[in-house]
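Participant: I would like the atomic coordinates for the input below:
(one chain, ligands or ions: 1)
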Amino acid sequence: MTVRVRIAPSPTGNFHIGTARTAVFNWLFARHHGGRFILRIEDTDEARSRPEYTQNILDGLTWLGLNWDEGPLFQSKRIDLYHKAIQTLLDKGLAYYCYTTEAELDQMRAAQKARKEAPRYDNRHRHLTPEQRKAFEAEGRKSVIRFKIDDNREIVWNDLVRGKLTWKGSDLGGDMVIARTSEDNSIGQPLYNLAVVVDDIDMKITHVIRGEDHIANTAKQILLYEALEATIPEFSHTPLILSKEGRKLSKREGVTSISDFQNMGFVPEAMANYMVLLGWSPPDSTQEIFTLDEAAKAFSFDRVNRAGAKFDWDKLDWLNSQYLHQIPPSQLVELLIPYWQEAGYEFDPVSDRPWLEQLAATIGPSLTRLPDAVDMTRTFFTKSFEFSQEAVDQLKKEGVAGVVQGVLNALDSTEQLNSEKAGQIIKQVTKEQNVKKGLVMRSLRAALTGDVHGPDLLESWFIIHQPGKDSDRLQEALTQAS
Ligand code: GLU
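Facilitator: Numbers count the residues shown, from 1 in each chain. Reported below is the predicted structural model:
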């Protein structure tokens, strides 16, 4: 048997982290078994589905490296298939037209509430005669198509994450609506449970892997598989992603879509790695850094937790920094250039490339998220800058004017600065001015960067030297020092 799994997002919003994590688990399972990962866009809800959301989902999957083998298949293009299945259920007497009005449904629910019963459809139109149907239609009533659910049924399956699950037919809310109808009462828009089952049968899905909020749907869907005389796939319900406080991670909590994480400066490798660990623990529990391929080798559902997975920003930041620290400067600079451009920094991505790459190499080890680079590098881009109070204090110290002048003089007679020459200048000025090396280093940092903290001094000097800004800055520092 070839494993066939699918991710089936509804394009009614941007690609949600919960859906993305479900996609990750499906992908890992497919790759582990050499199976197929299928992408299906569930866009039957015309009012809420939007092409830009579909694009956001496709972009997010691609960005994360979750390549799919088949699709994207669009449910909106498969309506005939659903209609055929609904007709089969009608022909078999397993589904029927229901004409109960909204007002009647409201009354029914109010009466159930008064009796302290759970709201459900009371199956009142299950056995309408053709005459009764005609009469309702003559009244101009709208209909839906309902699938019969036997209250006495017990639905049992062996969930790959949660073990044996049992659901009572009587807890499924009565006969379920599987389709709306058109003006002329012919079969209209199919609803989620029906379309999913028809598709999963048609696409020969062997394992349905999705969030645990779908457990009740699974019970209903198993009844549909039986009614359509199809093989029932395996089911695997993965834990939900919770906020740090243990609540469901909702849209209200801010960042929830993959493109949001992308905009915040997380790299796809870190994001995918983090999602792998959201609910799954590797056999070697000390290993935290994985590529998707490595995780796929080790992946199995018996290591997926049943408890909700708490979202941990610190862990995600840590993973992101681990990846950022490993990216070679030639690639890192590509990721940073858009942020520098957006910050309005002036540079030429082509002619300034060598020192930009050096800058990326210098700050790379200090980055947690990509946008951190904006503040960290401001001093390297600005033409004029304010000296921080600490820098001014440093420049006003005794002997500093001489140090800065000494460096300026040495720079004048230096053809091409590199880190070796820079080291020599520092040594030479320390000796000439008869001061401590630390004073020279601190003063030089204050003069060149306007601050007393920052990345490696020699590297920073070299970077500032390349567009020729160091002499001007030393001159300016001299006016502060004296
Ligand atoms: N369209 C459904 C969702 O986005 C798919 C659920 C399923 O995997 O069956 O939740």
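
Participant: Around the closest residue to residue 264 other than its chain neighbours, how many other residues sit close by?
Facilitator: The shortest distance from residue 264 to any non-neighbouring residue, by Cβ to Cβ, 6 or more residues apart in numbering, is to residue 369 (6.1 Å). For the C-beta atoms, the positions are set from N, CA and C on the backbone; glycine is no exception. Each residue near residue 369 was counted by other Cβ atoms under 10 Å, and the total is 18.

Participant: which SSE is the closest residue to the ligand within the stretch 151-300 of the chain in?
Facilitator: Per Cβ to the nearest ligand atom, residue 210 is where the stretch 151-300 of the chain lies closest to the ligand, at 3.7 Å. Residue 210 belongs to strand 207-211 when elements are defined using DSSP states H and E.

Participant: And the contacts of that strand?
Facilitator: With contacts defined as Cβ atoms under 8 Å, 6 or more residues apart in numbering, strand 207-211 is touched by 3-6, 8, 18, 22, 25-26, 29, 160, 200, 218, 233-238, 240.

Participant: quick revisit: let me see the contact set for the residue nearest to residue 264.
Facilitator: Residue 369 neighbours (Cβ under 8 Å, 6+ apart): 264-266, 317, 320.

Participant: and of those residues, the nearest to residue 48?
Facilitator: Nearest to residue 48 among those is residue 264, at 26.2 Å by Cβ to Cβ.

Participant: wait, doesn't that closest one sit right on residue 372?
Facilitator: No. In this structure, residue 264 is not within contact of residue 372 by Cβ atoms under 8 Å, at 10.7 Å.

Participant: on that earlier part again, okay, the contacts of residue 369 in a markdown table with distance to residue 464, neighbour count and pLDDT next?
Facilitator: Putting the contacts of residue 369 into a markdown table (distance: Cβ to Cβ, whole Å; neighbours: other Cβ atoms under 10 Å; pLDDT from 0 to 100) gives the following:
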| residue | distance to residue 464 | neighbour count | pLDDT |
| --- | --- | --- | --- |
| 264 | 29 | 15 | 94 |
| 265 | 25 | 19 | 96 |
| 266 | 30 | 23 | 97 |
| 317 | 29 | 16 | 97 |
| 320 | 28 | 24 | 98 |
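
Participant: Which residue, neighbours along the chain excluded, lies closest to residue 150?
Facilitator: Take residue 150 and drop its neighbours on the chain: the residue closest to it by Cβ to Cβ, 6+ apart is residue 169, 5.0 Å away.

Participant: which bits of the protein sit near the ligand?
Facilitator: 8-10, 19, 42, 196, 210, 214 (Cβ under 6 Å from any ligand atom).

Participant: go with 8 Å
Facilitator: The chain has residues 6-10, 19, 22, 42, 192, 196, 200, 208-211, 213-214, 217 near the ligand, with proximity defined as Cβ under 8 Å from any ligand atom.

Participant: where along the stretch 301-450 of the chain do the helices fall?
Facilitator: Secondary structure of the stretch 301-450 of the chain (DSSP state H, counting those that start in this stretch): helices at 313-326, 329-342, 353-363, 372-381, 389-395, 400-412, 419-433, 437-449.
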